[in-house]
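> Here you go, sequence then predicted model.
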Amino acid sequence: MRDIAVFSGSAHPELAEEICSHLGVPLLPTRVSRFANDCLEVQLQANCRERDVFLIQPLVPPVQENLVELLLMLDAARGASAARTTVVLPHYAYARSDKKDGPRISIGGRLVADLLVTAGADRVLAMTLHSPQVHGFFSVPVDHLHALRELADHFKQYDLTDTVVVSPDLGNAKEAAAFARMLGTPVAAGAKQRFSDDKVKISAVIGDVVDRDVIVLDDEIAKGSTAIELMDHLRELKVRSIRLACTHGLFSDHALERLSDQPGVLEIVCTNTVPIPPAKRVPKLEVLSVAPALAEAMRRIHNGESVSALFH
């Protein structure tokens, strides 16, 4: 892999280092500085000319700072005559803004996709986008990975005889059903209505969960409002235990503590698409690595091999 050049922004350098370790290539240095007028400047401090450049940068808080940093990295790679530039997006925060559900609001997922392409992205490698239509917002090729295999491998260590996978809403039911097939368990789903960013109502749970062990699967957990509302219903239905699983563990506003303190919760499992500082971690938290999957996808992209074969 002589002609590959991998750079990281400041959003999640630990994940970038782990990816490069699996690839057997160095993580090349990036300098980010700030002018007196608060504008950012980015310099890629290694040769990019006619090389296959990968820029690793999840859009995590502070999202706007990390987005502008990524746009500047893309512009720098294009100006340095990179042969091809692939954006590695372990977490695409604006994927949640995927439809117009009110008057005069923007569809941020599509706008930010256009910005990335305009800045110089030739290809995107993403992990567990919030909804399938976000894939189509990009006018360049997108390789869309999911972390179901990593999550399933973790839960297979337990006795799943009386276990049910539960999706918090019907929109995530397809992914939950695929996860349940991996584990060989039934699937159920909540009937959810969202009123605001942190106010949701689950009117019912569709499926048999009475006297079962439950794995609640979602694509991401931010404030944890949906998970807490769902768990209230599950406890009313007399489930035996609850384990929470997601790809993107954002855990804002002390969500980890609130979820961990919920009755019946045995474990909270997420991946490292989003950095979780040690100070925020709780004993019930388990963080799985998606670095091997991202590294293998990057290797296949670089060598012109099939990425979809990873899911077979």
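Cool, got the structure.
> Now do the helices in this protein.
Remark: helices assigned in the chain by DSSP state H are 13-23, 63-79, 108-119, 148-155, 173-183, 225-236, 255-260, 291-303.
> Same list (the ones you listed) but as a markdown table, adding distance to residue 50.
No exception for glycine: its C-beta is placed from N, CA and C like everyone else's. Below are the helices of the chain laid out as a markdown table (distance: least, CB to CB, whole Å):
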| stretch | distance to residue 50 |
| --- | --- |
| helix 13-23 | 19 |
| helix 63-79 | 12 |
| helix 108-119 | 20 |
| helix 148-155 | 34 |
| helix 173-183 | 39 |
| helix 225-236 | 47 |
| helix 255-260 | 45 |
| helix 291-303 | 14 |
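> Go through those and find the least confident stretch.
Lowest mean pLDDT within the helices of the chain: helix 225-236, at a mean of 91.
> Please identify the buried residues of that one?
Buried residues in helix 225-236, defined by neighbour count with 16 or more other CB atoms under 10 Å: 225-227, 229-231, 233-234.
> other SSEs contacting that helix?
Applying 3 or more CB pairs under 8 Å, 6 or more residues apart in numbering; DSSP states H and E, one finds that helix 225-236 contacts strand 187-196, strand 199-206, strand 213-221, strand 241-249, helix 255-260.
> Please name whichever of the ones you listed is nearest to residue 107.
Residue 107 lies closest to strand 187-196 among the helices and strands packed on helix 225-236, at 16.8 Å (CB to CB).
> from the chain's centre, how far out does that closest one sit?
Remark: strand 187-196 is offset 20 Å from the chain centroid, using CA atoms, centre = their mean, to the nearest Å.
> From residue 261, how far out is residue 167?
In this view, residue 167 and residue 261 are 23 Å apart by CB to CB, to the nearest Å.
> what's in contact with stretch 278-288?
Stretch 278-288 has contacts (CB atoms under 8 Å, 6 or more residues apart in numbering) with 147, 150-151, 154, 249, 251, 256-257, 260, 265-272, 276.
> how about a cut-off of 6 Å?
Contacts to stretch 278-288, defined as CB atoms under 6 Å, 6 or more residues apart in numbering, come from residues 150, 154, 256, 260, 267-272.
> Mind listing what's buried along it?
281, 284-285, 288.
> Could you list the low-confidence segments of this structure?
Applying pLDDT under 70 to the chain picks out residues 1-2, 194-200, 312.
> domains for it, by residue range?
Following automatic domain parsing, the chain resolves into domains at 4-146+291-311, 148-288.
> Compile the contacts of stretch 278-288 into TSV and extend it with columns for distance to residue 92 and neighbour count.
Below are those laid out as TSV (distance: CB to CB, whole Å; neighbours: other CB atoms under 10 Å):
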residue	distance to residue 92	neighbour count
150	18	17
154	23	16
256	22	21
260	27	17
267	26	18
268	22	28
269	21	21
270	16	25
271	14	26
272	16	21
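> so can I have a markdown table of those residues showing distance to residue 25?
A markdown table is the format used below for these (distance: CB to CB, whole Å):
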| residue | distance to residue 25 |
| --- | --- |
| 150 | 22 |
| 154 | 28 |
| 256 | 34 |
| 260 | 38 |
| 267 | 34 |
| 268 | 33 |
| 269 | 29 |
| 270 | 27 |
| 271 | 22 |
| 272 | 19 |
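> State the pair within those residues that is farthest apart.
The largest distance within those, taken as CB to CB, falls between 150 and 260 and amounts to 21.3 Å.
> re earlier: ok, of the contacts of stretch 278-288, which one's closest to residue 134?
Residue 134 has its nearest neighbour among those in residue 271, at 18.4 Å by CB to CB.
> Could you double-check that that closest one sits in contact with residue 149?
No - look at residue 271 against residue 149 with CB atoms under 6 Å: they stay out of range, at 10.9 Å.
> doesn't residue 90 make contact with residue 127?
Yes - contact criterion CB under 6 Å: residue 127 and residue 90 qualify, at 4.9 Å.
> Am I right that residue 130 is in contact with residue 97?
No - using CB under 6 Å, residue 130 and residue 97 do not qualify as a contacting pair, with a distance of 8.9 Å.
> Distance-wise, check the residue in the chain sticking out farthest from the centre relative to residue 260.
Residue farthest from the centre of the chain, counting by CA atoms, centre = their mean, is residue 36 at 33.6 Å. Residue 36 sits at a distance of 43 Å from residue 260 (criterion: CB to CB).
> can you check residue 299 too?
Counting by CB to CB - residue 299 and residue 260 are separated by 37 Å.
> now swap in residue 250 and tell me
Counting by CB to CB, the separation of residue 250 from residue 260 is 15 Å.
> related to what we said a few turns ago, do you know which of the helices and strands packed on helix 225-236 lies nearest residue 28?
Smallest distance to residue 28 across the helices and strands packed on helix 225-236 (CB to CB): 26.1 Å, for strand 241-249.
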